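**Q** sequence-free structure coming up:
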């Protein structure tokens, strides 16, 4: 049973292992050569105007970032090649008729396939997350990316949860439609929808912390998703860029607001909430995984051979 | 012949049509809503839809996966080519209808998509974010580039299917090759033309902003020095260069697909 599962999943296992190794080597080389940290300037000759924290950014990091951030599409590929064929290919080719009429029961088969292959997939996701995190650690201040929607899904426990979710999603799609190609289509579509949904939902996992800006502005470097709010004496909130109607934007706006008793607040997510966000997102995905796992088992056992 | 091709691929065709209708409606409504907005408000309106649209350059890989890979591989895998290719229509005719007919559909769909994105970007013409030349993602989905990218994805999948003769490995090969070509194209685009020297100090800040958002900036330069840029007037030259390269690659891949399919006796 284990041997057959290995035999059926050999190409996937070897290719995934090889790709993880390549990713590790590429990021290792990039990370090691990141010593020339402050030489690259992203300001593209705009004189001293662009200033601020963005001026000194690693050229190495910038050159790699677009490719690393596009790796958030990897879970969908895992679902396509690991999940979708798991049951769909058996049904499509009729091999389940032979396999499931041997001495081992269907539930047993499904548990072994989903469980063992799922374990391998989870391990792959974990290794993937560790590789990305090790790479981020070479760039100061980037190792807890709460404010970057792509990097957040690539470090910590979230990649593990995503890989597992996509795998079980593919298996469930294959169990329901019983054909590989439509199962692949469903896997890609649902993965994309879930990805967009989670990115939109993420700021709402925990209510942001709100701090009043009085005189000395607190240091806001270590925060994510900051937003400034103007609160009227009667409690109504305004966007400071527009302001209330009684104080139109202009040079006199500040004085007018102060006189009318408006107060400035800033809302943000402190970076020490990183793991809270990670576990929330992983929890959502794990719940989805369990649900889809039940769908896959049901779909697999439902019909008589 | 036509009927069977339609029957075999109608899911893909209808899905693609549905996609075009949905994305067209979204871009149309969003573009109309930009009417009359300026400055920060215009940028703010642009960003939410842009964040989704900026992922669409990877779309051609789906044409490789769902249009290209199964077109030949599924026949071989199921043995249906044995019946199909021993009827009165020759193998050449079959291949011409399947690769040519479906390829034409993909190209026309890509053209329509590029046209819609260009019209959408024009509605946000005043925003420096909606510049299709300097932004490599927007460049690949505006103008005629998507037609070439989509056809390339389709032919890549078909060629992979003809060589591997199985759907799943064909999909894997198509995704892997596409990822390499994608990265390569994005990195080599600035070499399609010769950059011009541009001194940021020679123009007013407003002009500088307009020029920089409209042109392709080559490489990274130390603060304050003369930059190498490719002005926005070269947009169509670059579009045709990219499209030409991809159409040529698609042609070669189509040849591979035909050769792979005819190589073996039924």
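**A** Now that the structure is in, tell me what you want to look at. Quantities reported herein were computed from a predicted structural model and do not represent experimental measurements.
**Q** worst-scoring helix or strand of chain A, pLDDT-wise?
**A** Each helix and strand of chain A was given a mean pLDDT (mean pLDDT, DSSP states H and E); the minimum falls on strand A:223-231 at a mean of 71.
**Q** just for the chain, where's the confidence low?
**A** Just going to use chain A. For chain A, the stretches with pLDDT under 70 are A:33-59, A:140-141, A:143, A:215-226, A:242-243, A:303-305.
**Q** Correction: the question concerned chain B.
**A** Using pLDDT under 70, chain B drops low at B:219-224, B:264-266.
**Q** which stretches of chain A form strands?
**A** Secondary structure of chain A, counting by DSSP state E: strands at A:209-212, A:223-231, A:237-238, A:263-270.
**Q** Neighbouring strands - and their directions - for the last one?
**A** The one in question is strand A:263-270. strand A:209-212 (antiparallel), strand A:223-231 (antiparallel) (DSSP bridges).
**Q** what residues does the stretch 51-200 of chain B put near chain A?
**A** B:52, B:58, B:62, B:65-66, B:70, B:74, B:167-169, B:171-172, B:175, B:183, B:186, B:200 (Cβ under 8 Å from any Cβ of the partner chain). The C-beta positions use only the backbone N, C-alpha and C, and glycine is treated the same way.
**Q** Let me know how buried residue 166 is, in neighbour terms.
**A** No chain in the question, so chain A it is. By other Cβ atoms under 10 Å in any protein chain shown, 32 other residues sit near residue A:166.
**Q** The chain in question should be chain B.
**A** With other Cβ under 10 Å as criterion, residue B:166 counts 16.
**Q** For it, give its distance to chain A.
**A** Distance, residue B:166 to chain A, using Cβ to the nearest Cβ, to the nearest Å: 11 Å.
**Q** residue contacts, that residue?
**A** B:73, B:76, B:77 (Cβ atoms under 8 Å, 6 or more residues apart in numbering or on different chains).
**Q** so how far is chain A from the nearest residue to the first one once chain neighbours are set aside?
**A** Nearest non-adjacent residue to residue B:73, counting by Cβ to Cβ, 6 or more residues apart in numbering or on different chains: residue B:161, 3.2 Å away. As for residue B:161, its distance to chain A is 12 Å (criterion: Cβ to the nearest Cβ).
**Q** thought residue B:161 was touching residue B:71?
**A** Yes - between residue B:161 and residue B:71 there is a contact under Cβ atoms under 8 Å: 6.3 Å.
**Q** Would you point out the most distant pair within the residues of the stretch 51-200 of chain B next to chain A?
**A** Pairwise distances across those (Cβ to Cβ) peak at 55.5 Å, for the pair B:74 and B:200.
**Q** Can you pick out the residue with more neighbours from these two?
**A** residue B:200 (22 against 19).
**Q** ok, the more buried one touching residue B:229?
**A** No - the criterion here is Cβ under 8 Å, and residue B:200 misses it with residue B:229 at 9.6 Å.
**Q** Show me the common contact partners of these two, please.
**A** If you check residue B:200 and residue B:229 against Cβ under 8 Å, 6+ apart, the residues they both contact are residue B:212.
**Q** Now tell me what touches the helix or strand where residue B:188 lies from outside.
**A** In this assignment (DSSP states H and E), residue B:188 forms part of helix B:167-188. Helix B:167-188 is contacted from outside by A:11, A:15, A:66-67, A:77, A:80-81, A:85, A:89, A:180-181, A:184, B:57-58, B:60-61, B:64-65, B:68-70, B:73-74, B:77, B:136, B:140, B:152-153, B:156-157, B:160-161, B:163-164, B:242, B:245-246, B:249, using Cβ under 8 Å, 6+ apart.
**Q** No further questions, thank you.
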